[in-house]
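J.: Here's my sequence, what's the structure:
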Amino acid sequence: MKEKKQGNIDFVNTDFFKQLFNWAGEGMLVVDSRGKVLLANQRILDLFGYTSEELVGESMRVLLPKKTVPKHDKH
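T.: Numbering: from 1, shown residues only. Presented below is the predicted three-dimensional model:
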């Protein structure tokens, strides 16, 4: 029996990942190293009142209470 090599799979772009991400009961974001939103699932969009078009590309800071932004920036 031959063993299949998986190699490098771009997991974020798989249908399986997209289904899990979008149907999760918890709000989830995928952000880059600078905090820019790359993906947002429907639950988080509903919680914060954004559309995907409004949130993707923005800093995740827009979701933080204003008084916590300076503290968050130190991390």
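
J.: what's the closest non-adjacent residue to residue 26?
T.: Once flanking residues are discounted, residue 26 sits nearest to residue 43: 6.2 Å by Cβ to Cβ, 6 or more residues apart in numbering. Every residue, glycine included, has its C-beta placed from N, CA and C.

J.: Now name the helix or strand holding that neighbour.
T.: helix 42-48 (DSSP states H and E).

J.: Name the surrounding residues that touch that helix.
T.: Under the criterion Cβ atoms under 8 Å, 6 or more residues apart in numbering, residues 22, 24, 25, 26, 27, 28, 29, 51, 52, 55, 63 lie in contact with helix 42-48.

J.: Filter those down to the ones in strands?
T.: Secondary structure from DSSP state E places residue 29 of those in strands.

J.: ok, of the contacts of helix 42-48, which come out buried?
T.: Among the contacts of helix 42-48, those classed as buried by 16 or more other Cβ atoms under 10 Å are 29, 55, 63.

J.: so which pair among the contacts of helix 42-48 is furthest apart in space?
T.: 25 and 51 (19.9 Å; Cβ to Cβ).
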